[in-house]
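K.L.:
Pasted the sequence and its predicted model underneath.
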Amino acid sequence: MREQILKIIEKNGRIDFKELAILLGVEEIEVVNEVAALEAEGIICGYHTIIDWEKTSIDTVTALIEVRVTPQRGQGFDSIAERIYKYPEVRAVYLISGGYDLLVILDGKSLRDVSKFVTDKLSTMDYVLSTATHFILKKYKDHGTILTKKYEDEREKITP
Amino acid sequence: MRNPLSEKAAALKPSGIRKFFDIVSEMKDALSLGVGEPDFDTPWHIRDEGIYSLEKGRTFYTSNAGLKELRGEIASYLKRKLGIEYDPDHEVLVTVGGSEAIDIGMRAVLNPGDEVLIPQPSFVSYEPCAIMADGVPVIIDLKEEDEFRLTAAELRAAVTDKTKLLVLPFPNNPTGAIMERKDLEEIAEVIREKDLLVMSDEIYSELTYKGEHVSIASLPGMRERTILINGFSKAYAMTGWRLGYACGPKEILEQMTKLHQFAIMCAPTTSQYAAVEALRNGDGDVAEMRESYDQRRRYLLHAFREMGLECFEPYGAFYVFPCIREFGMTSEEFATRFLEEEKVAVVPGTAFGDCGEGYLRISYAYSLENLKVAIGRLERFVKKLRES
């Protein structure tokens, strides 16, 4: 049931317990308990909404920043990652294998906003060796949801 | 001018669905719960193989029976899933959908006057195909109290000296009924005793929600008398690719391949390459789609219970078959009024045989969001009828 609950709410965070119970063919109380357990165990970490900001009048810019750092004795990358992720405008920080170490996803209001963050905050941190910033020009798909096209049912209305 | 028509063809009744289709297609804004095909797109990796085959210029005919590679994959799929072994060189034929297999299967085994047992409600093609193959259709009316399964007693009662073939359409369109191992074992006994052939249409085999699908061909003494029909349409959401297959004893498949060769040449090449990919790497997609259907199935049954609409619990395909007798209308009247007053299309049970009277086929090959809107309208409609 765990896996099924996670699969459903990953796609639809707004579904209520009653409906979840119907879809899974179990009692509502079982779903309530299982979701509570998943939250307590930190498996469910939050509930978010996928927003295509492009379609609003609010200006946003998203950047992917590759960061090369020197790992610190005894702490590896964790402490430098923490210093970065504590900035609220940082949406995600991942430790990456390959050509660089940390991938930082940053939301800003404008290009200037982002470059200010990179030059003032990120590059000046101890242990940061270099950064490379990529701006996102268009989002086609985000969190498994296609943003650019709406599904249209083109099937015949009645078929045997 | 002389009569230009074949009397046999002209005498066939047009499909009951056709008439309803004409009304619905006039109504642009109607919601539909009337389709017999998945709402999912074919998984991308499968489509991609089809595209790739076109890019590579694989635009030629394949051998009549189908790509050797595909026949091999079909044979290993059937062994893996059902535990039946077929020789891919002589006992597997790739067809244009399961429908073609039904047609040429009948033509390969029937002689004039042979009786064909057709349990109904069931898919619309069996009866006309039997007639065009000079067979005599004999209808077995399935009953809701048996969950629309075929019982040994019903089968025994319908068999005569002329009976040659039994059509076994499970998991069933339109009822959603399945036949479990014990049900199959009971009828297999009669089939062996009366020396019948079976055409087992298992196109919905991947869509069962209570245990694994069992094929009658896997029971003792049944493989040699069964034409097994399956395909890619329902399991892999590939209806438009028109690809199915038939498996069975070499002597029957030889005749079917001959008919196929003269009528069709070979199934579409692009589709065959895509199907190879489906069988090799599609299990995960099938499982995911099955899970979605199952959730919708549970949602619908719950909604029917809430509104007090009688419906047996179906464990297969993507249809539910609620009973609407309490409203004192025929299925067609109900479906027509529901369409006119609430703009939702469902298919009257009678489109699948006379014994479908009093029932509706509701498809859940729709997103949960769509189902909710349509079921909300059904609830309102049912309430209105009960109050009037």
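P.N.:
Right, received. Where do you want to start? The structure displayed is predicted, hence computed values, not measured ones.
K.L.:
For stretch B:173-192, measure first residue to last.
P.N.:
26 Å (Cα to Cα, to the nearest Å).
K.L.:
Neighbours of A:Leu20, how many?
P.N.:
23 (other Cβ atoms under 10 Å in any protein chain shown). C-beta coordinates here come from the backbone N, C-alpha and C atoms, glycine included.
K.L.:
Looks to me like A:Thr62 is in a strand.
P.N.:
Yes. Counting by DSSP: H, G, I helix; E, B strand; the rest coil, A:Thr62 is found in a strand.
K.L.:
B:Ile362 looks like it's in a strand, true?
P.N.:
Yes. Under three-state DSSP, B:Ile362 sits within a strand.
K.L.:
Name all residues that make contact with it.
P.N.:
Contact analysis of B:Ile362 by Cβ atoms under 8 Å, 6 or more residues apart in numbering or on different chains lists B:Leu33, B:Leu300, B:Tyr319, B:Val320, B:Phe321, B:Pro322, B:Val346.
K.L.:
Make a markdown table from those and add secondary structure to it.
P.N.:
Listed next are the contacts of B:Ile362 as a markdown table, based on three-state DSSP:
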| residue | secondary structure |
| --- | --- |
| B:Leu33 | coil |
| B:Leu300 | helix |
| B:Tyr319 | strand |
| B:Val320 | strand |
| B:Phe321 | coil |
| B:Pro322 | coil |
| B:Val346 | coil |
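K.L.:
Looking at the record's assignment, how would you partition the chain?
P.N.:
You didn't say which chain, so I picked chain A. A:2-40, A:53-138 (automatic domain parsing).
K.L.:
um, chain B though
P.N.:
B:7-42+B:284-382, B:59-282.
K.L.:
Format these as TSV; extra columns: mean pLDDT.
P.N.:
As requested, the domains of chain B are exported to TSV (pLDDT from 0 to 100):
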stretch	mean pLDDT
domain B:7-42+B:284-382	95
domain B:59-282	98
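K.L.:
For chain A, which residues are neighbours of chain B?
P.N.:
A:4, A:7-8, A:19, A:22-25, A:153, A:155-160 (Cβ under 8 Å from any Cβ of the partner chain).
K.L.:
Highest mean neighbour count out of the domains of chain B?
P.N.:
Mean neighbour count (mean count of other Cβ atoms under 10 Å in any protein chain shown) peaks for domain B:59-282 among the domains of chain B, with a mean of 20.
K.L.:
first to last residue in that domain, what's the distance?
P.N.:
24 Å.
K.L.:
Can you name the residues in contact with whichever strand or helix holds B:Leu70?
P.N.:
Counting by DSSP states H and E, the element that carries B:Leu70 is helix B:68-82. Contacting residues not belonging to helix B:68-82 are listed as B:65, B:84-89, B:91-92, B:94, B:205, B:212-215, B:217-218, B:228, B:245, B:247, B:272-273, B:275-276, B:279-280 [Cβ under 8 Å, 6+ apart].
K.L.:
For chain B, which segments count as helices?
P.N.:
Ranges of helices in chain B, per DSSP state H, are B:7-11, B:16-26, B:44-55, B:68-82, B:97-109, B:126-132, B:152-158, B:181-193, B:250-263, B:269-281, B:283-307, B:331-342, B:368-387.
K.L.:
hmm, who's touching stretch A:142-160?
P.N.:
In contact with stretch A:142-160 (Cβ under 8 Å, 6+ apart) are residues A:10-11, A:50, A:52, A:54, A:139-141, B:15, B:17, B:20-21, B:24-25, B:30, B:32, B:34-37, B:39, B:123-125, B:173, B:345, B:347, B:351, B:366, B:370.
K.L.:
OK, contacts around B:Thr239?
P.N.:
B:Glu37, B:Pro38, B:Ser233.
K.L.:
Throw these into TSV and include distance to A:Gly46, thanks.
P.N.:
TSV is the format used below for the contacts of B:Thr239 (distance: Cβ to Cβ, whole Å):
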residue	distance to A:Gly46
B:Glu37	38
B:Pro38	33
B:Ser233	40
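K.L.:
and the residues you listed as CSV, adding distance to chain A?
P.N.:
Shown next, in CSV, are the contacts of B:Thr239 (distance: Cβ to the nearest Cβ, whole Å):
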residue, distance to chain A
B:Glu37, 6
B:Pro38, 9
B:Ser233, 11
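K.L.:
Nearest to B:Trp241 among those residues?
P.N.:
Set against B:Trp241, the nearest of the contacts of B:Thr239 by Cβ to Cβ is B:Ser233 (7.6 Å).
K.L.:
Turn the domains of chain A into JSON lines, columns for mean pLDDT.
P.N.:
Formatted as JSON lines, the domains of chain A follow (pLDDT from 0 to 100):
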{"stretch": "domain A:2-40", "mean pLDDT": "96"}
{"stretch": "domain A:53-138", "mean pLDDT": "94"}
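K.L.:
looking at the helices of chain B, which is closest to A:Gly108?
P.N.:
Comparing the helices of chain B against A:Gly108 with Cβ to Cβ, the closest turns out to be helix B:44-55 (33.1 Å).
K.L.:
buried set for that closest one?
P.N.:
Across helix B:44-55, burial judged by 16 or more other Cβ atoms under 10 Å in any protein chain shown covers B:Ile46, B:Glu49, B:Gly50, B:Ser53.
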